[in-house]
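Enquirer: With the sequence up front, the predicted model follows.
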Amino acid sequence: MTEIEITRIKVGGQPTGIIGLKQALEEVLAEAGDRSDKEIKEELIKRLSKSNYIAEKTRDMYGKAFLREYKKFIGQPFEEEVSGGIEIKVLGQGCPRCHQLTQDLMNLIVETGVNADLEHVTDIKAIAGYGVMATPGLIINGEVVFVGSVPPKAKLKELVMQAAQK
């Protein structure tokens, strides 16, 4: 039996599980050639609609999310989708410093009560999409704010609180 792979992405600001996203991205990349963003978006919707319910009125929203994931996948610049709270991403493939930064941020979010979405990005292509070459990397609301080490807890708190006030 084939294992079903579900990838969590943001669609319209909401975390959404997508079945078969990685396979669809690989297939479209192999066939992409000189396709426009619109053509790539339509092809991803077509392929992913087979195993995911996409209502007609949400097609554009899903298409934008799929195109964003495609650009991440191939290492091109992309526009992040921001929800109501602070978007925090730790970039790193899983070293102890990356895990420490993620844990420090989790504790800080609980301690301050700040509305934040924390994600640990481990995919090397996605990390490269941010232009970060040293890990851990810290992204807050789409902006690289720290690279190469774990910031002191006081600095982390300062960065998170500044973002919360914007």
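Expert: Cool, got the structure.
Enquirer: Run through the strands of this structure in chain order.
Expert: 6-11, 14-19, 86-91, 116-121, 137-140, 143-147 (DSSP state E).
Enquirer: Below-threshold pLDDT in this protein: ranges please.
Expert: Applying pLDDT under 70 to the chain picks out residues 1-3, 80-84.
Enquirer: if we can go back for a sec, adding mean neighbour count and distance to Arg59, write the strands of the chain out as CSV.
Expert: Where C-beta positions appear, they are placed from N, C-alpha and C, glycine not excepted. As requested, the strands of the chain are exported to CSV (neighbours: other C-beta atoms under 10 Å; distance: least, C-beta to C-beta, whole Å):
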stretch, mean neighbour count, distance to Arg59
strand 6-11, 16, 11
strand 14-19, 14, 14
strand 86-91, 24, 24
strand 116-121, 17, 24
strand 137-140, 23, 28
strand 143-147, 15, 30
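Enquirer: looking at these, which is closest to Tyr70?
Expert: Comparing those against Tyr70 with C-beta to C-beta, the closest turns out to be strand 6-11 (11.0 Å).
Enquirer: hmm, who's touching the closest one?
Expert: Outside strand 6-11, the residues that touch it by C-beta atoms under 8 Å, 6 or more residues apart in numbering are 15-19, 21-22, 58, 61-62, 65, 68-69, 81, 83.
Enquirer: Could you rerun that using 7 Å?
Expert: 15-19, 21-22, 61-62, 65, 69, 81, 83 (C-beta atoms under 7 Å, 6 or more residues apart in numbering).
Enquirer: what is the orientation angle of it with strand 116-121?
Expert: 130 degrees (axes from the mean of the first three to the mean of the last three C-alpha atoms, to 10 degrees).
Enquirer: Note down every partner strand of strand 6-11 and its orientation.
Expert: strand 14-19 (antiparallel) (DSSP bridges).
Enquirer: From Asp123, how far off is Val145?
Expert: The gap separating Val145 from Asp123 is 20 Å, by C-beta to C-beta, to the nearest Å.
Enquirer: typed the wrong thing, it's Gly113
Expert: 30 Å.
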